[in-house]
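Student: All I have is the shape, not the residue letters:
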């Protein structure tokens, strides 16, 4: 089905990935067309989420496959992935994926492990020799939490290449876009570095830092202006740490007033503004550390790789009046003329890991406190499997689809989009897809400018 939003863009359903009889990718099709093919017995289901079918009466040799392209918007916590077709600079979104990383969880686990190790060494247990002079890191080494971001992104690129005929990749990389330089008069001095995208890189950073709302009144969905926390008339600088975002009314009301005087009646808001101005740049550092590694990994796939800056992505969205989201950022990466539409819903993929080799749980000091089952499969199910539970009676009556957590008793928990259902017998559960280290949910695409 198709519908239009307020901007005239076509909102479609997530397309279905199609394979030929030999498992080679064909052009993705609409869900209605996939239902017709499956009903006619011409195809079989290969995968539940993302939904993939395989034709049993057709090969790629006798087909014309235009191909699709993939846009990537790498981030510290989330990476946006968009699958689209492009013709004459006009893009049409076919599939949207928001990939949620678990880099923070990996960092916390490594920190806890390090603390356990140090504690054991200092409690009269000197059988563990300290290691601090015999460690060597190879060229291009990344911390495990950063390497995870690159590996999961490349893993999903490999999956998409198995399911769809990917012809090119567009990835956002922080760099000034010199190809967009334009001016109607001769440039002088520093003006030579300023073009159509001048100011968009700093604005993009501030939008992410301050949550796309006015810092003083909290207004959202309104044009925001760059504002100096300490006014320039009173010695303030143009450094990024002295800049914030404010709506036009608040910006004019503050004028050259020091922020301490302007917010003297709101001490909590003043403290938050000053604290946020000095916020950690951890997320920005993570993106900067991985962008070249990700780019080199993408070029190693032999696919054509085009890059674009964050400023150009924001500029493209401002021209197409698209709302802000990770998947729509991926759709607007690089050079384009227009975007005709995108899916109304997207697939949210959360990296959950594949479990742990450890069969014990530790206390806060790092010593084991309980044991886990030796066998991970119970009645044919494992924790993380995508299942559908159909319960006819009791407090869990209904149909529940989600990830299962197995128990040795045979009474499982099923986590869905709306919450966790506990105590469902394995007899009511049907397997849809084996655990692959990710949790899947769907949600509406953003429809409000933020």
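Tutor: Good, I have the coordinates. What you are looking at is a predicted structure, and each value in this text was computed from that prediction instead of being measured.
Student: what about residue 37, which helix or strand?
Tutor: In the assignment (DSSP states H and E), residue 37 maps to helix 31-39.
Student: Please identify the buried residues of stretch 46-61?
Tutor: The neighbour-count criterion (16 or more other CB atoms under 10 Å) identifies 47, 49-55, 58, 60 as the buried residues of stretch 46-61. From N, CA and C alone the C-beta is placed, and that goes for glycine too.
Student: where exactly do the helices run in this structure?
Tutor: For the chain, the helices defined by DSSP state H cover 31-39, 103-121, 144-163, 200-209, 248-254, 259-262, 267-277, 282-299, 310-320, 326-331.
Student: about what we covered before: pick the one among the buried residues of stretch 46-61 closest to residue 322.
Tutor: residue 50 (22.6 Å; CB to CB).
Student: residues touching the closest one, list them.
Tutor: 14, 17, 95, 97, 163, 347 (CB atoms under 8 Å, 6 or more residues apart in numbering).
Student: for it, phi and psi?
Tutor: Summarising the backbone geometry of residue 50 under the convention degrees, to the nearest 10, its torsions are phi -60, psi 150.
Student: ok, now residue 336?
Tutor: When quoted as degrees, to the nearest 10, the phi and psi of residue 336 stand at phi -150, psi 160.
Student: Tell me the predicted confidence for it.
Tutor: Per-residue confidence (pLDDT) for residue 336: 91.
Student: So what's the residue count around it?
Tutor: 20 (other CB atoms under 10 Å).
Student: ok, it touching residue 92?
Tutor: No - checked against CB atoms under 8 Å, the pair residue 336 and residue 92 is beyond contact range at 11.1 Å.
Student: any shared contact partners between these two?
Tutor: Contact criterion CB under 8 Å, 6+ apart; residues bridging residue 336 and residue 92 by contacting each: residue 86.
Student: one step back: with respect to the helices of the chain, which exhibits the lowest mean confidence?
Tutor: Mean pLDDT is lowest for helix 200-209 out of these, coming in at a mean of 74.
Student: who's in contact with that one?
Tutor: Looking at what lies outside helix 200-209 - CB under 8 Å, 6+ apart - the contacts are 174, 176, 224, 226, 240, 243-245, 276, 279, 284, 309-315, 324.
Student: ok, back up a step: out of the buried residues of stretch 46-61, list just those in strands.
Tutor: The strands in this structure, assigned by DSSP state E, contain 47, 52-55 from the buried residues of stretch 46-61.
Student: Can you lay out the residues you listed as a markdown table showing distance to residue 10?
Tutor: Below are those laid out as a markdown table (distance: CB to CB, whole Å):
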| residue | distance to residue 10 |
| --- | --- |
| 47 | 26 |
| 52 | 24 |
| 53 | 23 |
| 54 | 28 |
| 55 | 26 |
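Student: between these, which is nearest residue 303?
Tutor: When these are compared for distance to residue 303 (CB to CB), residue 52 wins out at 20.3 Å.
Student: Was I right to think the closest one contacts residue 19?
Tutor: Yes - contact status for residue 52 versus residue 19: in contact at 6.6 Å, counting by CB under 8 Å.
Student: Now the common contact residues for the two.
Tutor: Contact with both residue 52 and residue 19 is made by residues 46, 163, according to CB under 8 Å, 6+ apart.
Student: For residue 90, list the residues it contacts.
Tutor: With contact taken as CB under 8 Å, 6+ apart, residue 90 is in contact with 336-340.
Student: can you rerun that using 6 Å?
Tutor: The neighbours of residue 90, taking CB atoms under 6 Å, 6 or more residues apart in numbering as the test, are 337-338, 340.
Student: Format the residues you listed as a markdown table; extra columns: distance to residue 251.
Tutor: A markdown table is the format used below for the contacts of residue 90 (distance: CB to CB, whole Å):
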| residue | distance to residue 251 |
| --- | --- |
| 337 | 34 |
| 338 | 32 |
| 340 | 36 |
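Student: out of these, who has the most neighbours?
Tutor: Of those, residue 340 is surrounded by the most neighbours, 15 neighbours in total, counting by other CB under 10 Å.
Student: Distance check, that one against residue 87.
Tutor: Relative to residue 87, residue 340 is positioned 10 Å away (criterion: CB to CB, to the nearest Å).
Student: now swap in residue 109 and tell me
Tutor: Spatial separation of residue 109 from residue 87 under the definition CB to CB is 46 Å.
Student: So for these two, which sits in the more crowded spot?
Tutor: Each of residue 109 and residue 87 has its neighbours counted (other CB under 10 Å); residue 109 has more, 15 against 10.
Student: Quick check: buried residues in stretch 227-237?
Tutor: 227-229, 231, 236.
Student: meant to ask about stretch 271-278, not that
Tutor: By neighbour count, and taking 16+ other CB under 10 Å as the criterion, the buried residues in stretch 271-278 are 273, 277.
Student: repeat for stretch 323-336
Tutor: With burial defined by 16+ other CB under 10 Å, the residues of stretch 323-336 counted as buried are 323, 325-334, 336.
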